[in-house]
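Enquirer: Sharing a sequence plus its predicted fold:
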Amino acid sequence: MPIDYEKLIHFDIPEVVQTLTKRDTMLYALGVGLGADPMDENQLKFVYDEKLVALPTMAIILAYPGPWYAKSGTGITRTHVVHGEQGFTIHRPLPVEGTVVGRTQIESVLDKGKDKGALVLTRTTVREKSSGEVVCTLTSTSFCRADGGFGGPSGPTQPVHAIPERTADLTCDLPTLPQAALIYRLSGDYNPLHADPAYAQKAGFKRPILHGRATFSIAGHALLKACCGYEPAKLKSMQGRFSSPVYPGEVIRTEMWVDGGIVTFRSTVPHRNVTVLNNGRAEIA
């Protein structure tokens with residue numbers, strides 16, 4: 001059935017309460033490739049409980065509501081939903097353990113046309129449960145590939161952050177493990193698209209793909225390494241658009257253009273010559 005615009009735009013996504021442990025913090029970092037060099041103390045602090053700190057990109061899994069649309073009855077075709085955009089802004093240091101509460105709201109639903117799909121834009125506010133203080137805010141866009149043409153609004157849309165025409169100032173290559181998606185899903189995103197070959201093929205992919213959030217986090221690792229000296233407090237915000245899937249086991253190359261406290265970035269898979277994350281923008285303290 002087509003998307004029911006009124007039902008979807010007013011859909012109440014349940015609040016999520018998450019109790020985070022040090023194990024969760026370390027598992028997330030392992031899932032996006034930290035600890036690949038066991039002698040690298042810069043990476044070790046994200047995966048070892050002694051003096052543990054959280055990766056800034058861990059913000060995007062806090063109080064994650066999961067595929068809330070799957071049982072919403074709003075007409076979204078679950079098998080054809082992929083991650084379109086992701087962003088976060090950190091307001092206070094991320095906890096390595098403790099309880100957080102997340103409230104996700106649908107900001108807009110855009111109809112791009114019958115053959116172009118639909119976009120669902122959400123915003124999540126994550127608070128520390130005990131104090132009520134805001135830890136981070138998250139933005140996300142879901143691309144519903146099979147659900148355009150329902151008669152909804154086509155805009156407005158946010159302007160795209162442009163990539164400079166000059167050669168990148170910094171480049172960082174980071175490998176992914178063949179089992180990266182199977183590890184990453186243990187941080188809360190259990191979409192079978194990332195684990196079940198038959199499900200992935202039904203959705204139009206030759207095999208399970210890496211989570212968009214994992215790709216985004218690996219780009220965040222590149223920014224943390226190249227621009228922040230592995231100091232998590234320096235990466236204040238980050239946003240980007242997904243343009244092509246990554247298959248677990250591929251190398252992700254992130255190119256960065258530095259302009260004061262703003263870093264523009266783009267991630268590619270060199271051996272396939274495809275851009276996988278584009279129009280990225282990060283704020284560095």
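Expert: Happy to help now that I have it. Numbers count the residues shown, from 1 in each chain.
Enquirer: how about the helices of the stretch 51-200 of the chain, start to end?
Expert: In the stretch 51-200 of the chain, the helices defined using DSSP state H, counting those that start in this stretch lie at 180-184, 197-202.
Enquirer: Single out the most deeply packed of those helices.
Expert: helix 180-184 (a mean of 22; mean count of other C-beta atoms under 10 Å). Any C-beta I mention is one placed from the backbone N, CA and C, and that applies to glycine too.
Enquirer: Can you tell me what sits against it?
Expert: Residues outside helix 180-184 that contact it (C-beta atoms under 8 Å, 6 or more residues apart in numbering) are 27, 30-33, 177, 194-195, 208-211, 213-214, 248-249.
Enquirer: avg pLDDT for it?
Expert: Averaging pLDDT along helix 180-184 yields 97.
Enquirer: now stretch 119-138
Expert: Mean predicted confidence for stretch 119-138 is 97.
Enquirer: would you turn the helices of the stretch 51-200 of the chain into JSON lines with distance to Leu224?
Expert: JSON lines is the format used below for these (distance: least, C-beta to C-beta, whole Å):
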{"stretch": "helix 180-184", "distance to Leu224": "17"}
{"stretch": "helix 197-202", "distance to Leu224": "30"}
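Enquirer: Kindly export the biggest strand by length in the chain (C-alpha atoms) in PDB.
Expert: Ranked by number of residues, the top strand in the chain under DSSP state E is strand 98-111. What follows is strand 98-111, C-alpha atoms only, in PDB (Å, rounded to 0.1, in the frame of the first residue of the first chain):
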ATOM      1  CA  GLY A  98      24.900   5.000  32.400                       C
ATOM      2  CA  THR A  99      21.300   5.400  31.400                       C
ATOM      3  CA  VAL A 100      20.100   7.600  28.600                       C
ATOM      4  CA  VAL A 101      16.700   8.500  27.200                       C
ATOM      5  CA  GLY A 102      16.000   9.200  23.500                       C
ATOM      6  CA  ARG A 103      13.000  10.800  21.900                       C
ATOM      7  CA  THR A 104      12.800  10.600  18.100                       C
ATOM      8  CA  GLN A 105      10.400  12.800  16.200                       C
ATOM      9  CA  ILE A 106       9.500  12.800  12.500                       C
ATOM     10  CA  GLU A 107      10.300  16.200  11.100                       C
ATOM     11  CA  SER A 108       9.200  15.800   7.500                       C
ATOM     12  CA  VAL A 109       8.100  13.200   4.900                       C
ATOM     13  CA  LEU A 110       9.000  14.100   1.300                       C
ATOM     14  CA  ASP A 111       7.600  12.600  -1.900                       C
END
